[in-house]
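Undergrad: With the input below, show me the fold.
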Amino acid sequence: MKVVIIGGEKTAYYLARSLISKGYRVMIINKDPVFCQELAKKLKAIVINGDGSRRYILEEAELMRNDVVVILTPRDHDNLIISQLAKNLFGVERIVSLVNDPENVEIFQKLGINVVLNLTSMITTTIENLMFPEEMEKRFPVEKGISFLTLEITNDSPSLGKKLKDITLPEESIVGAILRGGVLVVPRGETEIRLGDKLFIITSPDVKKDVVKVLVGGNGR
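TA: You can find the predicted model right below:
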C-alpha cells in the first residue's frame, strides 16, 4: 500500500514529509518539473513529473486498489477527472480530494469520493472556533492535547516583521488565522507578521509557553 499525492505545492510537500516520517510509502505526481526536482532531493519518495489527470501517468504510478490517493490540484475539474480515473479504472477505494468551490462538494460525494476537503468551509469553521477559544477549551479539554492561544503583536514582539516561514515554532503548533485591522488573513509561509496583528493559534499544551516566547516574547493578550 502506498499514498499517492497528486498536485499541490507546499501542502503536498508537508503532507508527504509528515507521512514519510510516520513510515508510509509515498509517491508524488506533479506537473511542475522544477518542483519535482526539489521534492526528489528533499524527500525519500517516488516523484513523477506529469499531469495526474492523464491515464498514462496514473498507469506509470501503478495504482492499486488498496492505495490511498490524495488529490490537491487547484482545479475542481481536474480533481474530479483524477478521482474518477483512480476509482473506476484502477479500482482505488480510498480517495481524498480537495474541492475548491463549496458548491461542488455534493457532486464529489455523489460520485463516491471517500473524503472531500473544502478549504473554504474548513477555514471558516476553524476561524469561528478560534474566535471563541474559551468555548473550544470546553469542547476539547487540555487532557485531549489541544490548547488555543490569541496573541497580539507589539513593538517588542520578536516575530514582528518576520515571515511565518522564517519563524521556528514548535511542531505541535500552528498559526490558524490572523486578524489584521479588522480583516481576516489566512496565513501562509510568505505572510509577514505586522504590528497590531492578532494571531489565533492551535497548540499542544506542552509547548504553549514556547509558542508565546517565540511570537511575542511574553504573555499574550
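Undergrad: does residue 35 sit in a helix or strand, and which one?
TA: Here residue 35, judged by DSSP states H and E, is contained in helix 33-42.
Undergrad: Could I get the buried residue list for that helix?
TA: For helix 33-42, a neighbour-count test (16 or more other C-beta atoms under 10 Å) marks 35, 36, 39 as buried. No exception for glycine: its C-beta is placed from N, CA and C like everyone else's.
Undergrad: doesn't residue 8 make contact with the first one?
TA: No - because the distance of 9.6 Å does not satisfy C-beta atoms under 8 Å, residue 35 is recorded as not touching residue 8.
Undergrad: thinking again about what came up before, can you redo the buried residues of helix 33-42 as JSON lines with pLDDT and distance to residue 192?
TA: Supplementary listing: those in JSON lines, determined by pLDDT from 0 to 100; distance: C-beta to C-beta, whole Å:
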{"residue": "35", "pLDDT": "93", "distance to residue 192": "23"}
{"residue": "36", "pLDDT": "95", "distance to residue 192": "29"}
{"residue": "39", "pLDDT": "93", "distance to residue 192": "26"}
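Undergrad: C-alpha coordinates for whatever helix or strand residue 176 lives in, PDB please?
TA: Following DSSP H and E, one finds residue 176 within strand 173-180. Taking Å, rounded to 0.1, in the frame of the first residue of the first chain, the C-alpha atoms of strand 173-180 are listed here in PDB:
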ATOM      1  CA  SER A 173       1.600  24.300  17.000                       C
ATOM      2  CA  ILE A 174       0.100  26.200  14.000                       C
ATOM      3  CA  VAL A 175      -1.000  29.700  13.300                       C
ATOM      4  CA  GLY A 176      -4.500  29.200  12.200                       C
ATOM      5  CA  ALA A 177      -5.500  32.800  11.400                       C
ATOM      6  CA  ILE A 178      -4.500  36.400  11.700                       C
ATOM      7  CA  LEU A 179      -6.800  39.300  12.300                       C
ATOM      8  CA  ARG A 180      -5.300  42.500  10.800                       C
END
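Undergrad: just the helices in this protein please.
TA: 10-21, 33-42, 55-60, 76-84, 105-110, 119-131, 133-139, 208-215 (DSSP state H).
Undergrad: ranking those helices by mean pLDDT, which is last?
TA: Lowest mean pLDDT of those: helix 133-139, a mean of 51.
Undergrad: circling back to that earlier point, now the helix holding residue 35 against helix 10-21, angle please.
TA: 20 degrees (axes from the mean of the first three to the mean of the last three C-alpha atoms, to 10 degrees).
Undergrad: quick one, domains of this structure?
TA: 3-117, 122-215 (automatic domain parsing).
Undergrad: pLDDT score for residue 151?
TA: We have a pLDDT of 92 for residue 151.
Undergrad: Once you drop chain neighbours, what's closest to residue 168?
TA: residue 214 (6.8 Å; C-beta to C-beta, 6 or more residues apart in numbering).
Undergrad: residues near that neighbour, how many?
TA: Applying other C-beta atoms under 10 Å, we find 18 residues neighbouring residue 214.
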